[in-house]
Structures are given as C-alpha cells and as structure tokens.
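Trainee: Requesting a structural model of the entry that follows:
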Amino acid sequence: MSETGIFRQVRPQATIFHVTEERWAQVGITTEFLIVVRTLGEFFRLRHVHGTNFSTAVAALYVGGALIAACSCWAGVTFYFFRRYALSAWIALATVPILLVYKIAVIGW
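Mentor: Numbering: from 1, shown residues only. Here you go, the predicted model:
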C-alpha cells in the first residue's frame with residue numbers, strides 16, 4: 001500500500017503525556033471534593049488545639065471556606081454532566097486561588 005495520495009494512513013503523533021479535557025475535569029472535581037473534606041476536617045483539628053476554649057466563632061471562618069469549595073465543586077459537577085469539560089476544569093483551577101485569597105483575607109496567614 002502506498003503512503004501517498006488519498007489512501008495515506010494518518011498515524012497519531014506520539015505523545016508522552018496526553019490528558020483529555022474530560023480527564024482534567026475529573027481531576028478538578030476530585031480535587032475540589034478533597035478541598036471540601038480537608039476544610040471541614042479543620043474543625044476537628046481546631047477543636048483539638050483549642051480544647052475547652054473552642055467556639056463556633058473560630059470554626060465559622062473555615063465553614064465559609066468549605067462553602068466556597070462545596071459550591072465550586074457543585075458547579076464543576078454540573079458543568080461536567082452537561083459535557084462542558086473545559087469549563088468544569090477551569091472552575092476547579094479558579095477555586096484554588098479564590099480559597100487562597102479567602103484564607104489570607106479572612107483567616108490570616
């Protein structure tokens with residue numbers, strides 16, 4: 001078979017690491033979920049550290065961060081179900097700096 005003309009076979013280019021938009025969306029959603037779990041887990045760490053001085057006012061700041069993470073996770077999953085994989089991945093990517101700004105501005109460094 002000839003490699004020229006109309007019958008030429010097209011071979012995919014070899015890549016070392018190819019990740020689809022759908023896979024990036026899955027990784028992003030998983031990361032957002034882990035952020036929610038980690039943020040809510042902070043409640044138990046604070047309760048252990050503060051002991052009897054622990055109050056809901058201390059934990060409320062972290063609940064705000066968990067709500068931001070949970071809402072972005074919900075948005076990412078929603079767009080994923082509508083096959084808007086790139087948008088879902090970008091939401092996950094934007095969540096990290098948003099939560100970092102929230103932590104610095106509200107909770108402190």
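Trainee: Assign residue 19 to helix, strand or coil.
Mentor: Recorded secondary structure, residue 19: coil (DSSP: H, G, I helix; E, B strand; the rest coil).
Trainee: Count the neighbours of it for me.
Mentor: Number of residues near residue 19 (other CB atoms under 10 Å) recorded here: 11. For the C-beta atoms, the positions are set from N, CA and C on the backbone; glycine is no exception.
Trainee: and if you look at residue 18?
Mentor: Residue 18 has 9 neighbours, counted by other CB under 10 Å.
Trainee: Name the helix or strand for the spatially most central residue of the chain, please.
Mentor: Ranked by distance to the mean C-alpha position of the chain (CA atoms, centre = their mean), the top residue is residue 32 at 3.2 Å. Assessed by DSSP states H and E, residue 32 sits inside helix 21-50.
Trainee: Tell me which other helices or strands that helix touches.
Mentor: helix 56-81, helix 85-102 (3 or more CB pairs under 8 Å, 6 or more residues apart in numbering; DSSP states H and E).
Trainee: Nearest to residue 19, out of these?
Mentor: Minimum separation from residue 19 across the helices and strands packed on helix 21-50 (CB to CB) falls at helix 85-102, 9.9 Å.
Trainee: now for that closest one, which elements pack on it?
Mentor: Under the contact definition 3+ CB pairs under 8 Å, 6+ apart, helix 85-102 sits against helix 21-50, helix 56-81.
Trainee: how many neighbours does the nearest residue to the residue nearest to the centre of the chain once chain neighbours are set aside have?
Mentor: Excluding the flanking residues, the one nearest residue 32 by CB to CB, 6 or more residues apart in numbering is residue 73, at 3.8 Å. Per other CB under 10 Å, the neighbour tally for residue 73 reads 22.
Trainee: same check, this time on residue 92
Mentor: For residue 92, the neighbour count with other CB under 10 Å is 26.
Trainee: measure it to residue 86 for me?
Mentor: Here residue 92 is placed at a distance of 11 Å from residue 86 (CB to CB, to the nearest Å).
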